[in-house]
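**Q** Task: produce atomic coordinates for the following.
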Amino acid sequence: MRLDISHTFSSKHNDIVLIATEYDEPNYGRFHWKYQFLINNTLVENQHMNYKYGGLFGNLNNFCLESKDGNHIFLPLEKNPLIYEPNEDNYFEISDVATGKNNGFLKNIFIEDKLFILCQRSVQIVNLINKRVQSILFPVNQFQLEDMEYNQKLLISYLNLKDSNKSKGYYDFESMNFKDIQS
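**A** Take a look at the predicted model:
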């Protein structure tokens with residue numbers, strides 16, 4: 001994703017547009033995208049939008065704006081990611097955000113009634129029906145997560161930082177560990 005031009009993410013089902021307008025370094029070493037969120041070509045201004053000081057995650061290469069049915073829009077705000085529900089004109093904040101150093105946003109995917117958010121050291125699973133969030137934050141220097149996909153189970157590609165081996169594994173939520181399928 002080029003950093004010297006703006007990027008527009010448009011809904012396929014609604015007149016909703018998220019524009020990453022300018023790549024910015026508001027603090028030393030912290031990068032984000034300044035943004036505009038428009039519904040029906042009107043800039044949304046409410047308590048959730050912080051255009052002056054807030055921004056979108058710095059890496060939007062694998063960002064997906066909306067669910068397949070268009071009922072949920074993901075706003076990747078760096079401090080307080082939001083889900084917007086266009087049919088109800090309702091916002092809800094993903095309150096259990098896994099934070100910490102070396103935990104930049106990598107990817108999000110919508111699967112059925114869930115939103116999966118992958119960061120370098122964490123995964124968040126948002127149930128879009130009851131709005132519950134499950135977060136898994138891995139300790140520093142243990143794993144560097146790289147990619148994810150979902151097919152009845154959450155498959156995560158990661159680098160084990162203890163032995164520098166790349167692996168793929170299903171995450172087992174009961175044992176809170178990866179079950180490797182390939183090394």
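
**Q** mind checking the end-to-end distance for stretch 1-14?
**A** Using CA to CA, to the nearest Å, one end of stretch 1-14 lies 24 Å from the other.

**Q** Which positions within it qualify as buried?
**A** 7, 9, 11, 14 (16 or more other CB atoms under 10 Å). For the C-beta atoms, the positions are set from N, CA and C on the backbone; glycine is no exception.

**Q** swap in stretch 125-133?
**A** So, applying 16+ other CB under 10 Å, buried residues of stretch 125-133: 125-126, 128, 133.

**Q** These into JSON lines, with extra columns for pLDDT, secondary structure and distance to residue 92?
**A** Formatted as JSON lines, the buried residues of stretch 125-133 follow (pLDDT from 0 to 100; DSSP: H, G, I helix; E, B strand; the rest coil; distance: CB to CB, whole Å):
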{"residue": "125", "pLDDT": "89", "secondary structure": "strand", "distance to residue 92": "15"}
{"residue": "126", "pLDDT": "93", "secondary structure": "strand", "distance to residue 92": "9"}
{"residue": "128", "pLDDT": "96", "secondary structure": "coil", "distance to residue 92": "9"}
{"residue": "133", "pLDDT": "89", "secondary structure": "strand", "distance to residue 92": "10"}
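
**Q** Going by distance to residue 105, which of those residues wins?
**A** Taking CB to CB as the measure, residue 105 lies nearest residue 126 of those, at 14.0 Å.

**Q** what sits against the closest one?
**A** 83, 94, 114-117, 132-133 (CB atoms under 8 Å, 6 or more residues apart in numbering).

**Q** Just the ones in strands from these, please.
**A** If you go by DSSP state E, the contacts of residue 126 have 83, 114-117, 133 in strands.

**Q** Got phi/psi on residue 122?
**A** phi -150, psi 160 (degrees, to the nearest 10).

**Q** beta partners for it?
**A** residue 137 (DSSP bridges).

**Q** Give the pairing partners of the top strand by length along the chain; include direction for each.
**A** Longest among the strand segments of the chain by residue count, using DSSP E, is strand 16-27. Applying DSSP bridges to the sheet, strand 16-27 is found paired with strand 7-10 (antiparallel), strand 30-39 (antiparallel).

**Q** how far out from the middle of the chain is the shortest one?
**A** So the one you mean is strand 7-10. Remark: strand 7-10 is offset 16 Å from the chain centroid, using CA atoms, centre = their mean, to the nearest Å.
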